[in-house]
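K.L.:
fold the following.
(4 chains)
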Protein chains: 2
Amino acid sequence: MIKIGQTFKEFRTSKNITLQEASQGIVSVPFLSRFERGLTDISFTHLLELLNRINVQLSELEFLYQTRNTAGNDLLPNFQRAYQSGDSAQLREYLHAWQSRSGRFAKLQIIQIKMMLTTLGAASITDNELLVLEDYFKNISNWTFFELYLFGHSIPFLDKAFMFTLFEELQKKEIIYENFRHDNFSLLFYIYNNIILFLLDSSDSLEIAESLVTKLETYFKNQDKDYYHRTRIFNLKGLTLYLRGKKKEGLILLKKANLIAHLTEHEPQFLLNEKNYLAKYLTAKEIDYIFDFSDIHI
Amino acid sequence: MIKIGQTFKEFRTSKNITLQEASQGIVSVPFLSRFERGLTDISFTHLLELLNRINVQLSELEFLYQTRNTAGNDLLPNFQRAYQSGDSAQLREYLHAWQSRSGRFAKLQIIQIKMMLTTLGAASITDNELLVLEDYFKNISNWTFFELYLFGHSIPFLDKAFMFTLFEELQKKEIIYENFRHDNFSLLFYIYNNIILFLLDSSDSLEIAESLVTKLETYFKNQDKDYYHRTRIFNLKGLTLYLRGKKKEGLILLKKANLIAHLTEHEPQFLLNEKNYLAKYLTAKEIDYIFDFSDIHI
DNA sequence: ATTTATTTTAACCTATATGCAATTTTTTAT
DNA sequence: ATAAAAAATTGCATATAGGTTAAAATAAAT
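P.N.:
Predicted structure coming up:
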C-alpha cells in the first residue's frame, strides 16, 4: 500500500521544488522527508499548508493517491462502473465483500448493491431491507454524495408517498456544488481551443491546427454526454476546414455548432460574440448563412 | 476562523451518527470530540478513515470547509470569477494582496493576475516577467490544475515556438480526470429525471411532474454551457406537456431534444433507447415525426 | 576532481495528537 | 418528574508527530 506521502513527493519533485522550499515555515525538512518516505503520519492542517505551498489541490492529491491504490476502500466508483455496464457477476463480488463487514453502513451498502442487482433482474430485496433503508433516510438531515447516490437507486423500491416526502426535503437543500464543475477536463479544452484559434490566425500553421482538432475529437469521442464541448469542436473544425479551403464543409459545421447553441438556448450574447469573431474570416453572406436558423422548424 | 473539525461535526450530526459510532476502531471518543471542537489537530490518515466511516467524501468536507471560510488562502476561484466578469478593480486588489507576499510562487501568481489584467487592457507585462514564466514551465514535469490554469492564461504572451514545445509536453500526459466528472449536480439531475418519469406513469401525478420540471429549469437556467442537461430537460418537459394534453407543444420539444442529440452525435443506441421508451406513450406516427431529421439540412 | 547544494539518515528532545477513566450533559423511558 | 441510559466532555497519562542538530549520502555545478 502506497502512502500518501509518496504521492505528495511525486508532485513536489515533478515541480522541481526542494524539501527546503516546500517545508519552509510549515514543518522541518527532516520531518517532511520522513513523511514522504512513509515513516510518519502528518497532521491535516500541515498537509493542507504544504499542498498550498506546492500549488496542488487536495482533490488532485487524493485522486492520484486513490489511483495508485486501486484496492482502496472507496468502492462507490466501482459499483457505478459495474452497474452501468450491467456486470452482475462483478456486482455480486462486491456484494460478497460487503457482506463480510458489519455495521449500519455495511448493511446499507449491501442493500444498495442488491437494488442494483434487482434492477438488472439478478436479485431481489426483502421488506425488512426496505425498512432499514427508509429508516436511514428518515433520520438524516444533510445529504452528501452518498445519500444522493443511495436515493437514486432506491427510487423504484421505496413507497411512493415516502419517496416524495424525502424528495421534498431534498429540494429544500441548497445545491452547494455549482462552482465545483470547472474540472480539469474543461480547462484542458480551454487551452486547446485557445491554441487552435491562435494557430488559425497565421496561414502557415493551419495544418498543425487541424491535427490538434483531430486530437480533441479523439479525446471527446467517448464523452457522449458532453454536448457542449462536442459542439465547440464542431466550431473549431468548421473554421479550420474553411480556412484550409474546404469552405462548404466548414460552413456546414459552423452552422451546426451555432444551431446547437441556438437550440439549447445558450445566452444570445454568446452567439453575438461568435458572430463578431467569425467576421474576421467569413464574408457577410456566409455569416448570414451560418447564423440563420429560419429553415429549421423547431 | 472555523476549524475543519467543526465542519466534520456538521456532517456527522446531520447523519445522526454518534461519536461512538464514528470513532469506533479509529480514534477514541474523547479525542474525536476534541477534534470537532477545534481543540486539537488530527492526522490525515485518521481523518480519511473517519470520513469513510461516515460516508463523506474528502472533497465534500473540503468544499464545505472552504465555503465556511470565505477568506481562505486558495484564491484561484476568486481570480476566475473576477476575470470572467471583467472586474479589473477586483483583480488589482488581488494583485496588491499577492505583491505583499514573497517567494517564487507569489511571483507567478502576480504574473498570472497581470496577464489577466493585460487581456482586459488594464496592465502590461515586462519581458523579465515572461522569462520567469518560461523558466517555470521549462522545469516542471507534472502538470496540475495550477499549471494548466497558468498556461491557459499565458498562451497569448509566450513565444510561439516555446509555447508549442510546452504544449507537446502536455499532450504526452495522460488525462487522469476522466472519472472525475460525475459530480453531484448530474447526480441530482439523475434523481429528478427518474422521479419525473416515475410520476408521468400515473396520470394523477402529472401536475407534480410539471412543477418538478419547472424546478429543474430554474436550476439549469444559468448553466448555459450544460447543453446535455438542458437538452434532457426539453425531453422531460416535452413528455410532460404531451401527457397533459398539449400534444403539439410537447412533440416539438421532444423533437428538439432528439435533434440536439442527433446533431451532437450522441451514440445511436441512445436515441434507440429513447424511441423504445417513448413508444409507451406516443403513436407510431408521432414517434416517426420526432425522430425524423430529414428536413434539417445539416 | 572538487566544490556546493540537496536529500537522507540518525540521535535526542519537545510539543501535541491520542487514549483511558471518570464526570457532566443530554436524551430517552417510565 | 425522575430514573436510567446514552452521548459528550474533562483531566490526566502516554504515544507519536514534529523539531534540532549534526553527519552521511547523493546529486548538481564549476
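K.L.:
low-confidence bits of chain A, can you list those?
P.N.:
A:1-2, A:69-78, A:170-185, A:187 (pLDDT under 70).
K.L.:
which parts of it sit against DNA strand C?
P.N.:
A:Thr18, A:Leu19, A:Gln20, A:Val29, A:Pro30, A:Ser33, A:Arg34, A:Glu36, A:Arg37, A:Asp41, A:Ser43 (CB under 7 Å from any atom of the strand). The way it works is simple: take the backbone N, C-alpha and C, and place the C-beta from them, glycine included.
K.L.:
which ones are touching the residue nearest to the last one when sequence neighbours are not counted?
P.N.:
Ranked by CB to CB, 6 or more residues apart in numbering or on different chains and with sequence neighbours excluded, the top spatial neighbour of A:Ser43 is B:Asp41, at 4.3 Å. Contact criterion CB atoms under 8 Å, 6 or more residues apart in numbering or on different chains gives A:Ser43, A:Phe44, A:Thr45, A:His46, B:Phe35 as the residues in contact with B:Asp41.
K.L.:
same question, A:Val27
P.N.:
Counted by CB under 8 Å, 6+ apart, A:Val27 has contacts A:Phe35, A:Ile42, A:His46, A:Leu50.
K.L.:
and A:Phe137, by the same measure?
P.N.:
A:Glu147, A:Phe151, A:Ser154, A:Leu166.
K.L.:
A:Ile42 too?
P.N.:
A:Ile4, A:Gly5, A:Val27, A:Phe35, A:Leu50, B:Ser43, B:Phe44.
K.L.:
can you count the residues close to A:Asp204?
P.N.:
A:Asp204 has 7 neighbours, counted by other CB atoms under 10 Å in any protein chain shown.
K.L.:
distance check, it against A:Phe8.
P.N.:
44 Å (CB to CB, to the nearest Å).
K.L.:
ok, A:Asp201 next?
P.N.:
A:Asp201 is 41 Å from A:Phe8, by CB to CB.
K.L.:
who has more neighbours out of the two?
P.N.:
A count of neighbours by other CB under 10 Å puts A:Phe8 above the other of A:Asp201 and A:Phe8, at 23 against 11.
K.L.:
can you say which helix or strand has the residue in the stretch 151-298 of chain A positioned nearest to DNA strand C in it?
P.N.:
Here the stretch 151-298 of chain A gets closest to DNA strand C at one residue, A:Glu169, 19.0 Å apart by CB to the nearest atom of the strand. Here A:Glu169 is covered by helix A:160-172, with elements defined by DSSP states H and E.
K.L.:
tell me, which of the contacts of A:Phe137 make contact with chain B?
P.N.:
Counting by CB under 8 Å from any CB of the partner chain, A:Glu147, A:Phe151 from the contacts of A:Phe137 sit close to chain B.
K.L.:
tell me which stretches of the stretch 51-200 of chain A form strands.
P.N.:
Counting by DSSP state E, counting those that start in this stretch, one finds no strands in the stretch 51-200 of chain A.
K.L.:
give me the residue from it nearest DNA strand C.
P.N.:
For the stretch 51-200 of chain A, CB to the nearest atom of the strand, closest residue to DNA strand C: A:Asn139, 9.8 Å.
K.L.:
so what's that residue closest to, chain neighbours aside?
P.N.:
B:Asn16 (4.6 Å).
K.L.:
burial count for the one you found?
P.N.:
Around B:Asn16 there are 13 residues (other CB under 10 Å).
K.L.:
then A:Ser100?
P.N.:
Neighbour tally, A:Ser100, other CB under 10 Å: 7.
K.L.:
and it, how close does it get to chain B?
P.N.:
16 Å (CB to the nearest CB, to the nearest Å).
K.L.:
so what's the backbone phi/psi at that residue?
P.N.:
Dihedral pair for A:Ser100: phi -80, psi -10, per degrees, to the nearest 10.
K.L.:
tell me where the stretch 51-200 of chain A has helices.
P.N.:
A:58-68, A:76-84, A:88-99, A:104-119, A:127-139, A:145-154, A:160-172, A:184-200 (DSSP state H, counting those that start in this stretch).
K.L.:
OK, contacts around A:Leu158?
P.N.:
Contacts of A:Leu158 (CB under 8 Å, 6+ apart): A:Leu130, A:Leu133, A:Glu134, A:Leu166.
K.L.:
farthest pair within those residues?
P.N.:
Farthest-apart pair in the contacts of A:Leu158 is A:Leu130 and A:Leu166; separation 13.2 Å (CB to CB).
K.L.:
neighbour count winner among those two?
P.N.:
A:Leu166 (21 against 17).
K.L.:
what sits against that one?
P.N.:
Taking CB under 8 Å, 6+ apart, one finds A:Phe137, A:Phe151, A:Leu158 in contact with A:Leu166.
K.L.:
from DNA strand D, how far off is the second one?
P.N.:
This points to A:Phe151. 24 Å (CB to the nearest atom of the strand, to the nearest Å).
K.L.:
contact partners for the nearest residue to that residue once chain neighbours are set aside?
P.N.:
Counting by CB to CB, 6+ apart, B:Ile191 is the residue found nearest to A:Phe151 once chain neighbours are left out, at 6.2 Å. For B:Ile191, the contact set (CB under 8 Å, 6+ apart) comprises A:Leu148, A:Phe151, A:Gly152, A:Ile155, A:Phe167, A:Leu170.
K.L.:
10 Å instead?
P.N.:
A:Leu148, A:Tyr149, A:Phe151, A:Gly152, A:His153, A:Ser154, A:Ile155, A:Phe167, A:Leu170 (CB atoms under 10 Å, 6 or more residues apart in numbering or on different chains).
K.L.:
for A:Leu243, same thing?
P.N.:
A:Leu199, A:Leu200, A:Asp201, A:Ser203, A:Leu206, A:Ala209, A:Glu210, A:Gly250, A:Tyr281, A:Leu282.
K.L.:
neighbours of whichever residue of the stretch 1-150 of chain A sits closest to DNA strand C, how many?
P.N.:
When scored by CB to the nearest atom of the strand, the stretch 1-150 of chain A has A:Thr18 as its residue closest to DNA strand C, at 3.2 Å. A:Thr18 sits with 11 neighbouring residues when counted by other CB under 10 Å.
K.L.:
right, and it touches A:Arg12 too?
P.N.:
Yes - with contacts counted by CB atoms under 10 Å, A:Thr18 reaches A:Arg12, the gap being 8.4 Å.
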